[in-house]
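Student: Structural data only, the sequence is not supplied:
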């Protein structure tokens with residue numbers, strides 16, 4: 001499994017390790033030799049041995065036309081096979097076995113290359129209580145990176161599927177955790193930041209609102225809310241502190257610029273010659289991803305007419321975050337007049353932000369333009385359903401999403417977000433048949449979107465888009481100053497956004 005510089009380094013998360021009584025002797029070199037002698041040397045690609053007092057081993061094997069992975073244990077001095085699985089030849093180089101939970105569990109990772117993507121299947125097996133028993137499974141996960149951040153916690157991350165993540169670095173990643181719950185005796189999968197459902201503690205509600213803001217892309221705003229939550233929460237202080245550290249660390253990691261293939265060392269430092277030069281690192285995008293929206297605007301600097309259109313689009317999004325709609329209109333007009341190639345995803349991103357702001361008049365205007373430019377946009381239809389759900393119109397939202405999905409195909413659109421929200425609406429409407437159908441479709445999708453899966457598996461009876469309500473007197477956070485404006489652009493009053501011009505045939509050129 002690939003390990004990139006995006007690992008959150010140095011975080012020690014205090015998690016309870018599995019407490020299992022294991023009647024076994026230390027795995028000596030003599031015992032390891034027994035494992036090695038079990039297979040012919042030329043057939044073994046790699047060995048892995050469990051740590052501590054656990055005489056367990058794993059091997060990845062190669063044969064003439066296929067490979068295998070095998071889990072082994074010593075029982076009364078004899079090698080016994082616990083579990084095995086087949087590998088295609090192209091899977092052998094990307095398949096590994098790691099012992100986790102102090103060696104009590106084995107994580108099998110089977111990977112292969114599909115076009116420009118790497119695809120992984122993950123399975124965790126018990127090695128102690130019920131040897132070979134499958135404890136957790138996740139299949140067809142694209143472009144996944146992973147690392148241990150605690151004795152019972154795996155951190156996973158995927159590059160965010162956004163148009164603006166295809167441009168210059170830095171890149172936004174989505175982070176998730178697979179955690180072993182000792183009380184439940186099973187693994188759970190969720191976002192890496194933790195919410196606490198069903199609480200009336202205002203500080204904990206602030207924590208939940210901060211997690212929601214983080215998922216909406218506002219890291220600085222989320223960090224401010226976590227700081228406020230830590231001051232007033234009466235419970236779950238360790239959860240709040242952990243969330244705060246993770247967001248703070250992500251903001252720091254975003255600012256680092258290691259060259260491709262360079263792994264950060266202790267402290268996250270790399271040599272100057274291993275760093276990306278400024279020409280291939282987008283400072284405007286960095287400030288935007290960190291939630292420093294004023295700095296994103298000011299980083300545009302005095303470049304004048306020599307700006308990059310992508311930076312200008314990100315600045316428009318920053319003005320939307322700041323609720324400075326006059327400046328947003330100004331930016332949008334320039335992008336339209338210059339026939340910006342990414343105009344449709346720009347409209348989609350701005351529309352999301354306007355929904356997060358709950359500025360419905362602005363949102364309606366942008367959705368109207370987006371519907372004209374790309375009527376089958378998944379973002380458009382998701383946001384329309386989210387607005388209906390905000391008003392409690394779950395049945396209408398479900399019918400709308402069902403109708404939309406009947407007119408589009410997965411070959412052209414990424415539909416995981418729409419399907420997941422349809423699942424939530426069906427659950428709220430008591431439509432178990434639809435919810436079950438959508439659940440199976442998402443879990444068996446050929447390309448797994450972990451964000452959708454995380455929302456799906458952790459549904460708590462409310463739409464994930466419903467804003468967490470906290471007392472208006474609490475957690476006001478950091479006040480954002482007015483900041484700089486772009487004087488070189490003509491003023492445009494707030495209202496309907498500028499639209500893509502049409503050519504003589506009546507078709508949009510954006």
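Tutor: Right, received. Where do you want to start? Remember, predicted model here, so these are calculated numbers, not experimental data.
Student: what's the helix or strand where residue 437 lies packed up against?
Tutor: Using DSSP states H and E, residue 437 sits within helix 432-443. Judged by 3 or more C-beta pairs under 8 Å, 6 or more residues apart in numbering; DSSP states H and E, helix 432-443 is in contact with helix 416-428, helix 450-457. Glycine gets a C-beta too; all of them are placed from N, C-alpha and C.
Student: Now these in CSV, please, with extra columns for mean neighbour count and mean pLDDT.
Tutor: Below are these laid out as CSV (neighbours: other C-beta atoms under 10 Å; pLDDT from 0 to 100):
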stretch, mean neighbour count, mean pLDDT
helix 416-428, 23, 98
helix 450-457, 20, 94
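Student: ok, residue 143 to residue 229 distance?
Tutor: 33 Å (C-beta to C-beta, to the nearest Å).
Student: Ok, residue 387 next?
Tutor: From residue 387 to residue 229 the distance is 28 Å (C-beta to C-beta).
Student: so where's the stretch 301-450 of the chain uncertain?
Tutor: 301-306 (pLDDT under 70).
Student: Which element, helix or strand, includes residue 336?
Tutor: Going by DSSP H and E, residue 336 is part of helix 325-337.
Student: residues of the lengthiest helix in the chain that come out buried?
Tutor: Criterion DSSP state H: the longest helix present in the chain is helix 237-254. By neighbour count on 16 or more other C-beta atoms under 10 Å, the buried set for helix 237-254 is 239-247, 250-251, 253-254.
Student: could those residues go into CSV alongside pLDDT?
Tutor: Output for those, formatted as CSV (pLDDT from 0 to 100):
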residue, pLDDT
239, 96
240, 97
241, 97
242, 95
243, 97
244, 97
245, 96
246, 96
247, 97
250, 95
251, 95
253, 91
254, 91
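Student: quick one: which two of those residues are the most distant?
Tutor: Farthest pair in those (C-beta to C-beta) is 239 and 254. Separation: 23.2 Å.
Student: thinking again about what came up before, quick check: which of the helices and strands packed on helix 432-443 is nearest to residue 92?
Tutor: Nearest of those (C-beta to C-beta): helix 450-457, 25.2 Å.
Student: chain center to the closest one, what's the gap?
Tutor: Chain-centre distance of helix 450-457: 9 Å, with C-alpha atoms, centre = their mean, to the nearest Å.
Student: ok, how many other residues are close to the nearest residue in space to residue 415 that is not next to it in sequence?
Tutor: Nearest residue to residue 415, sequence neighbours excluded (C-beta to C-beta, 6 or more residues apart in numbering): residue 378, at 5.7 Å. Neighbour count of residue 378, defined by other C-beta atoms under 10 Å: 20.
Student: List the contacts of residue 378.
Tutor: 408, 413, 414, 415, 417, 418 (C-beta atoms under 8 Å, 6 or more residues apart in numbering).
Student: same deal with residue 455?
Tutor: Taking C-beta under 8 Å, 6+ apart, one finds 420, 424, 464 in contact with residue 455.
Student: excluding its backbone neighbours, what's nearest the second one?
Tutor: Read that as residue 424. Nearest residue to residue 424, sequence neighbours excluded (C-beta to C-beta, 6+ apart): residue 463, at 5.4 Å.
Student: Quick check: beta-bridge partners of the residue sitting nearest the centre point of the chain?
Tutor: The chain has residue 174 as the residue nearest its centroid, 2.0 Å off, counting by C-alpha atoms, centre = their mean. The partner list for residue 174 in beta bridges (DSSP bridges) reads residue 158.
Student: related to what we said a few turns ago, of the buried residues of helix 237-254, closest to residue 369?
Tutor: Taking the buried residues of helix 237-254 together and measuring to residue 369 by C-beta to C-beta, the closest member is residue 254, at 30.7 Å.
Student: Could you check the angle the helix or strand harbouring residue 210 makes with helix 237-254?
Tutor: Here residue 210 is covered by helix 202-215, with elements defined by DSSP H and E. If you take axes from the mean of the first three to the mean of the last three C-alpha atoms, to 10 degrees, helix 202-215 sits at 20 degrees to helix 237-254.
Student: Of all the residues in helix 202-215, which ones are buried?
Tutor: Buried residues in helix 202-215 (16+ other C-beta under 10 Å): 202-215.
Student: Tabulate these (CSV), appending distance to residue 289.
Tutor: Converted to CSV, the buried residues of helix 202-215 look like this (distance: C-beta to C-beta, whole Å):
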residue, distance to residue 289
202, 29
203, 27
204, 27
205, 26
206, 23
207, 22
208, 22
209, 20
210, 17
211, 17
212, 17
213, 14
214, 12
215, 14
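Student: and the residue nearest to residue 348 when sequence neighbours are not counted, how many residues sit next to it?
Tutor: Once flanking residues are discounted, residue 348 sits nearest to residue 379: 4.1 Å by C-beta to C-beta, 6+ apart. Other residues within reach of residue 379, judged by other C-beta under 10 Å, total 22.
Student: And for the one 3 residues further on?
Tutor: Residue crowding around residue 382 was assessed by other C-beta under 10 Å; the count is 25.
Student: can you tell me which residues contact it?
Tutor: 401, 417, 418, 421.
Student: gap between it and residue 421?
Tutor: On the measure of C-beta to C-beta, residue 382 and residue 421 end up 6 Å apart.
Student: Touching both of the two, which residues are there?
Tutor: Common neighbours of residue 382 and residue 421, counting by C-beta under 8 Å, 6+ apart, are residue 401.
Student: picking up where we left off before, contact partners of the helix holding residue 210?
Tutor: The contact list for helix 202-215 (C-beta under 8 Å, 6+ apart) reads 191, 193-197, 199, 221-223, 225-226, 228-236, 239-240, 243, 247, 464, 467-471, 474-475.
Student: Now, of those, which are buried?
Tutor: Buried subset of these (neighbour count, 16+ other C-beta under 10 Å): 191, 193-196, 221-223, 225-226, 228-230, 233, 236, 239-240, 243, 247, 464, 468, 470, 474-475.
Student: and which of the contacts of residue 455 is nearest residue 182?
Tutor: So of those, ranked by how close each gets to residue 182 (C-beta to C-beta), first place is residue 464, at 27.0 Å.
Student: what separates that closest one from residue 421, distance-wise?
Tutor: Residue 464 is 8 Å from residue 421, by C-beta to C-beta.
Student: give me every residue that touches residue 243.
Tutor: 193, 194, 207, 210, 211, 226 are the contacts of residue 243 under C-beta under 8 Å, 6+ apart.
Student: can you confirm the second one is in a strand?
Tutor: No: counting by DSSP: H, G, I helix; E, B strand; the rest coil, residue 194 falls outside a strand, being coil.
Student: okay, now the domains of this protein?
Tutor: Domain segmentation of the chain under automatic domain parsing yields 1-161+171-190, 377-476.
Student: between those, which has the poorest average model confidence?
Tutor: Sorting these by mean pLDDT places domain 1-161+171-190 lowest, at a mean of 84.
Student: picking up where we left off before, ok, the residue nearest to residue 415 to residue 440 distance?
Tutor: Note on residue 378: its distance to residue 440, by C-beta to C-beta, is 20 Å.
Student: same deal with residue 163?
Tutor: Taking C-beta to C-beta as the measure, residue 163 falls 30 Å from residue 440.
Student: out of these two, which sits in the busier spot?
Tutor: Shown here are residue 163 and residue 440; by other C-beta under 10 Å, residue 163 has more neighbours (15 against 10).
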